[in-house]
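Participant: sequence unknown, structure follows:
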RNA sequence: GCCCCGAUAGUGUAGUGGCCUAUCAUGAAGCCCUGUCGAGGCUUCGACCCGGAUUCAAAUUCCGGUCGGGGCGCCA
């Protein structure tokens, strides 16, 4: 490609980041669209997807889209060779096209008398143009068409669905959530780790695992990094986090469950449940605050789309939650649900429709600490003097909810070996099966706590998505294993 | 595992036994116009999931199948 004559100025990416010019473009579309006045008469090379190709005469308007925005290229038959002109003019939408030409201000549209003239817009007047890759027609689904496309069709064609601005924005925001989350944990001294996803046995019990063949023996896909995070803590890493997949072989089919999901986990030594709840609320606060400060453009893109729906959806807003988040202890939650007229007793699970009742009093994020020990896994800690109203043993396990939906569960972990073994027995598990884990506690173990947060569910809250499949690029559910 | 629901052009839909040679939008093909502005105008193309049954007549009713959707249960 043509070498840019500019000194090394960097392209501007979509979020103010610097993108180095590449062999296929000297500028991004967003850069020219936003900073066109500085670039007038500059020769540029741009590349993108053809979003609309209009004009069948001696002129052609080519609307291009790349990862940073949209820009029109103006092609005039006289200005470039006839073959390229004809090819572009008859190209299908979504073909990828490269254009070289000079930046110019667009001719202002005709406005009715009395109406204000719109802000100046820019375009590239093509001197040459090439189809990099021709798109076939028709598309399996439209990118800019106004027809609604159903989720299964979108997921079957996710690579095309992702070209739609609001879908693209959701996944850019996902990256931001992880970035800001990491950023925050690092400032609190956490280090990133990875645990194995191939495991020899059910690490916790309680959920169905996907069996797999590991050479000659049977193995499973990991349901959670839980036990390995703890082993890292026992080994003295003090503060760790992991962002990685978890697999559950449950045949559920709801808007919030998937069989493969990304869990954002932490584990922290010399800490209890309250300590790690504080880490979590500070982290979520940091994520929301950072999105509000830096990424309103992505929220705006989603809102543009929501406004165009029929009927229009309410705009989403990034409301930075105030600290601390409410703590609604399990026993109090049961009372709230009972007061709402529901037949529930201490020891019952709090289901989604129950959570609605709590959410009515505590909109937004709230913690549900101090669940009954009987409802929590064997590795959750308890103080024997902490009892519920009927005398039931309380645990130091907690959930984080947003509205009706569980975002996270966590707790202080049992670090006392004898009690750990007792818990396993009480829950009908054989301690011998967990020796690799239990033995870790025999040689000194710090009290510790941690949690696991569903990234896609958090992204649902941030983007207003009504289905977790919206916030996972290639979701794996009961029926879907492709693409 | 349980309970509902659905399947019509590439996409999204209308359709409740004959008016269906199947609606509309979007799309695609072509033409006209045009420095266009989610451009506009005209023409054309393109579909009833599969098998069986009822009926003079089935996209429409019934049975079976396949595929899919929603909810619940289950689920650190």
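Facilitator: Received it, and whenever you're ready, just let me know what you need. A quick note: this is a predicted structure, and the numbers were derived from the prediction, not measured.

Participant: Please count neighbours and contacts with C-alpha atoms only from this point.
Facilitator: Will do.

Participant: Could you tell me which residues of the stretch 301-450 of chain A lie near RNA strand B?
Facilitator: Contact residues, the stretch 301-450 of chain A versus RNA strand B (CA under 7 Å from any atom of the strand): A:351-353, A:376-377, A:408-410.

Participant: can the helix or strand residue A:70 falls within be found next to RNA strand B?
Facilitator: Using DSSP states H and E, residue A:70 sits in strand A:69-76. Yes: using CA under 7 Å from any atom of the strand, strand A:69-76 reaches RNA strand B at A:72, A:74.

Participant: Chain neighbours aside, what residue packs nearest to residue A:389?
Facilitator: Nearest residue to residue A:389 in three dimensions, chain neighbours excluded: residue A:331, at 7.5 Å (CA to CA, 6 or more residues apart in numbering).

Participant: follow-up on the earlier one: pLDDT averaged over the strand holding residue A:70, what's the number?
Facilitator: For strand A:69-76, the mean per-residue pLDDT is 91.

Participant: What is the subsequent helix or strand relative to it?
Facilitator: Assigned by DSSP H and E, the successor of strand A:69-76 is helix A:82-89.

Participant: now check that next one, is it near RNA strand B?
Facilitator: No: among the residues of helix A:82-89, none lie within reach of RNA strand B under CA under 7 Å from any atom of the strand; the closest is 9.3 Å away.

Participant: who's in contact with whatever helix or strand comes next after that helix?
Facilitator: Using DSSP H and E, the next helix or strand after helix A:82-89 towards the C-terminus is strand A:96-105. Outside strand A:96-105, the residues that touch it by CA atoms under 8 Å, 6 or more residues apart in numbering are A:24-25, A:32, A:36-37, A:39-50, A:64, A:73, A:120-135.

Participant: who does strand A:96-105 pair up with?
Facilitator: Applying DSSP bridges, strand A:96-105 is found paired with strand A:43-54 (antiparallel), strand A:122-133 (antiparallel).

Participant: just these: most buried one?
Facilitator: strand A:43-54 (a mean of 22; mean count of other CA atoms under 10 Å).

Participant: who's in contact with it?
Facilitator: Contacts for strand A:43-54 (CA under 8 Å, 6+ apart): A:4, A:24-29, A:60-66, A:89, A:91-103, A:124, A:144.

Participant: Now do it and strand A:69-76, the angle between them.
Facilitator: Relative orientation of strand A:43-54 and strand A:69-76, computed by axes from the mean of the first three to the mean of the last three CA atoms, to 10 degrees: 90 degrees.

Participant: Spatially central residue for chain A, please.
Facilitator: Nearest residue to the geometric centre of chain A (CA atoms, centre = their mean): residue A:174, 3.2 Å.

Participant: Confirm for me that that residue is in contact with residue A:459.
Facilitator: Yes: applying CA atoms under 8 Å, one finds residue A:174 in contact with residue A:459, separated by 6.4 Å.

Participant: intersection of neighbour lists for the two?
Facilitator: Shared contacts of residue A:174 and residue A:459, defined by CA under 8 Å, 6+ apart, are found at residue A:471.

Participant: about what we covered before: state the pair within the residues of the stretch 301-450 of chain A next to RNA strand B that is farthest apart.
Facilitator: Maximum pairwise distance among those (CA to CA): 23.1 Å, between A:353 and A:377.

Participant: Please identify which of those two sits among more neighbours.
Facilitator: Set side by side, residue A:353 and residue A:377 show more neighbours around residue A:377, with 17 against 13, by other CA atoms under 10 Å.

Participant: secondary structure element for the more buried one?
Facilitator: Assigned by DSSP H and E, residue A:377 falls outside every helix and strand.

Participant: Can you tell me the element residue A:167 falls in?
Facilitator: Per DSSP H and E: residue A:167 is located in helix A:165-187.

Participant: Could you check how far that helix is from the centre of its chain?
Facilitator: For helix A:165-187, the distance from its own C-alpha centre to the chain's C-alpha centre is 7 Å (CA atoms, centre = their mean, to the nearest Å).

Participant: same question, stretch A:72-89
Facilitator: Distance of stretch A:72-89 from the chain centroid (CA atoms, centre = their mean) equals 41 Å.

Participant: go on, stretch A:235-251?
Facilitator: On CA atoms, centre = their mean, the centre of stretch A:235-251 falls 17 Å from the chain's centre.

Participant: repeat for stretch A:407-423
Facilitator: Using CA atoms, centre = their mean, the offset of stretch A:407-423 from its chain centre is 29 Å.

Participant: Quote the end-to-end distance of that stretch.
Facilitator: 26 Å (CA to CA, to the nearest Å).

Participant: Can you list the buried residues in that stretch?
Facilitator: A:407-417, A:420-421, A:423 (16 or more other CA atoms under 10 Å).

Participant: which outside residues touch it?
Facilitator: With contact meaning CA under 8 Å, 6+ apart, stretch A:407-423 is reached by A:271-273, A:276, A:378-382, A:396-401, A:431, A:438, A:441-442, A:445-454, A:457-458.

Participant: Which members of the residues you listed are classed as buried?
Facilitator: Neighbour-count burial (16+ other CA under 10 Å) applied to the contacts of stretch A:407-423 gives A:271-273, A:276, A:378-382, A:396-401, A:431, A:438, A:441, A:445-454, A:457-458.

Participant: Let's see which of those end up in strands.
Facilitator: Per DSSP state E, strands hold the following members of those: A:397-401, A:448-454.

Participant: For those, name the two members farthest from one another.
Facilitator: Going by CA to CA, the pair spanning those furthest: A:401 and A:448, at 22.1 Å.

Participant: could I get the residues of the stretch 301-450 of chain A next to RNA strand B as JSON lines with secondary structure, pLDDT and distance to residue A:280?
Facilitator: Formatted as JSON lines, these follow (DSSP: H, G, I helix; E, B strand; the rest coil; pLDDT from 0 to 100; distance: CA to CA, whole Å):
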{"residue": "A:351", "secondary structure": "coil", "pLDDT": "86", "distance to residue A:280": "23"}
{"residue": "A:352", "secondary structure": "helix", "pLDDT": "85", "distance to residue A:280": "22"}
{"residue": "A:353", "secondary structure": "helix", "pLDDT": "85", "distance to residue A:280": "25"}
{"residue": "A:376", "secondary structure": "coil", "pLDDT": "88", "distance to residue A:280": "20"}
{"residue": "A:377", "secondary structure": "coil", "pLDDT": "87", "distance to residue A:280": "21"}
{"residue": "A:408", "secondary structure": "strand", "pLDDT": "92", "distance to residue A:280": "10"}
{"residue": "A:409", "secondary structure": "strand", "pLDDT": "92", "distance to residue A:280": "11"}
{"residue": "A:410", "secondary structure": "strand", "pLDDT": "93", "distance to residue A:280": "10"}
